[in-house]
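Chemist: Model the following, please.
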Amino acid sequence: MTTERIALPTKTRELETRLMDSRRWYDFKFRDGDIVVDTWAKSGTTWMQQILVQLIFEGAANAPGGHKLSPWVDLAVLPLDEMTAMVEAQSHRRVLKSHLPLDALTIDPKAKYIYIGRDVRDVAWSIYNHHAGYTDAFLEMLNGRPDSTGPKMHRPSCDVRDFYHYFLETGGVFDAETGVPFGGNIGLSQFWEHTQSFWNCRRAPNLLLVHFANLIRDLPGEIRRIARFLDIALDETLLPAIVEHCSIDFMRNAAKSDAEEDARSNMVFIGGADVFYNKGTNGRWKEVLSAKEIAMADDVAAGHLTPDCAHWLKTGELPA
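Modeler: Numbering: from 1, shown residues only. The predicted structure is shown next:
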């Protein structure tokens, strides 16, 4: 087994869709200690943002919600000048969000990067609910931008089982022109490539891999591990409050009680924060899929990922 430390690679391509634009990082001014959270969607992004904000604000119940404080830098529909002004005004340690694949992400030595993985079955289930909940107004905003590119997006017109099969077949990159009943490229790179690229760099000193299942199994332990990676001296007496403030119920209620955040949630989702902060659980597919359909995910993963990466993505277990 090798324990050789490696460096994160430099960007080799740009990614632009109706949802995302990697060029928005061009002139971003990094600071020492910046934290970049990167995931393929619905893998625990908002949960991680909340954990980091709670660590930075030492478990304060009135700390701004992670989703509100930590901008999605490559989100194309957010005016770039507004996003830049918001992060430039922040005097605390900053948390930034991205869904870019590693080869399209700007890497800066001042920053630390956290990547979250999740079993593909849970990702498919969660993103189906996410996109099925989009409002007409949000879809019109995405599809109506004059500078947007790629096929238009719309809500899935199939049930979750069929969606799961399409997800495995395409790796989450859907093309409206092929007749797949889910509109357009959702704005992300291929799921398997995205995951493998970060896994290959897991020994980089400024990258930490975290798994959704481990956050569920041992949230206090994972918070401690994240704090160590970020060189944050965690006060153990504050840990119970941090854990409480990182629960799905706390985040959902906080979002609904914040007028601005509640309005934003209701503009994007039918059902608002109740849809965005949906379940925060794994395994909902067990009640729908047959044993053969469940096993399909392992077979497909084996064709796209190295064995150790596939094992980690399914279980959260890192090699010894």
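
Chemist: After the lowest-mean-pLDDT helix or strand in the chain, which helix or strand is next? Please name it.
Modeler: When each helix and strand of the chain is scored by mean pLDDT, DSSP states H and E, helix 273-276 comes last, with a mean of 62. The helix or strand immediately downstream of helix 273-276 is helix 291-304, counting by DSSP states H and E.

Chemist: May I have the next helix-or-strand element following that next one as PDB, with CA atoms only?
Modeler: Proceeding N to C from helix 291-304, the next assigned helix or strand is helix 307-315, under DSSP H and E. C-alpha atoms of helix 307-315 as PDB (Å, rounded to 0.1, in the frame of the first residue of the first chain):
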ATOM      1  CA  PRO A 307     -12.700  -1.500  -7.000                       C
ATOM      2  CA  ASP A 308     -11.500   0.600  -4.000                       C
ATOM      3  CA  CYS A 309     -13.400   3.700  -5.100                       C
ATOM      4  CA  ALA A 310     -16.600   1.600  -5.800                       C
ATOM      5  CA  HIS A 311     -16.300   0.100  -2.300                       C
ATOM      6  CA  TRP A 312     -15.900   3.500  -0.700                       C
ATOM      7  CA  LEU A 313     -18.800   5.000  -2.600                       C
ATOM      8  CA  LYS A 314     -21.100   2.200  -1.500                       C
ATOM      9  CA  THR A 315     -20.000   1.800   2.100                       C
END
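
Chemist: Mind giving me the packing neighbours of helix 307-315?
Modeler: Using 3 or more C-beta pairs under 8 Å, 6 or more residues apart in numbering; DSSP states H and E, the elements in contact with helix 307-315 are helix 191-200, strand 207-211, helix 291-304. Backbone N, C-alpha and C define where each C-beta goes, glycine included.

Chemist: if you set the cut-off to 6 Å instead, what comes out?
Modeler: helix 191-200 (3 or more C-beta pairs under 6 Å, 6 or more residues apart in numbering; DSSP states H and E).

Chemist: How about the helix it packs on, which residues are buried there?
Modeler: Using 16 or more other C-beta atoms under 10 Å as the test for burial, helix 191-200 gives 191-199.

Chemist: secondary structure element for the closest residue to residue 285 other than its chain neighbours?
Modeler: Distances taken as C-beta to C-beta, 6 or more residues apart in numbering put residue 121 closest to residue 285, at 4.8 Å, once the chain neighbours are dropped. If you go by DSSP H and E, residue 121 is part of helix 120-132.

Chemist: What count of nearby residues applies to the residue nearest to residue 285?
Modeler: Counted with other C-beta atoms under 10 Å, residues neighbouring residue 121 total 23.

Chemist: looking at it, it is touching residue 295, isn't it?
Modeler: No: with contact defined as C-beta atoms under 6 Å, residue 121 does not reach residue 295; the gap is 10.5 Å.

Chemist: Not counting its own residues, what contacts the helix or strand harbouring residue 137?
Modeler: Using DSSP H and E, residue 137 sits in helix 136-144. Under the contact criterion C-beta atoms under 6 Å, 6 or more residues apart in numbering, helix 136-144 has outside partners 18, 152-153, 267-268.

Chemist: Filter these down to the buried ones and hand me the PyMOL line.
Modeler: In PyMOL syntax, the buried subset of these is picked out as below (16+ other C-beta under 10 Å):
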select buried, resi 18+153+268
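
Chemist: Sketch out the low-pLDDT regions of the stretch 101-250 of the chain for me.
Modeler: Counting by pLDDT under 70, the low-confidence segments of the stretch 101-250 of the chain come to 148-151, 173-189.

Chemist: can we see that at 80?
Modeler: 131, 142, 145-154, 157, 171-189 (pLDDT under 80).

Chemist: In it, what residue spans correspond to strands?
Modeler: Ranges of strands in the stretch 101-250 of the chain, per DSSP state E, counting those that start in this stretch, are 112-117, 207-211.

Chemist: Export these as a markdown table, with columns for mean neighbour count and distance to residue 51.
Modeler: Formatted as a markdown table, the strands of the stretch 101-250 of the chain follow (neighbours: other C-beta atoms under 10 Å; distance: least, C-beta to C-beta, whole Å):
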| stretch | mean neighbour count | distance to residue 51 |
| --- | --- | --- |
| strand 112-117 | 23 | 9 |
| strand 207-211 | 21 | 9 |
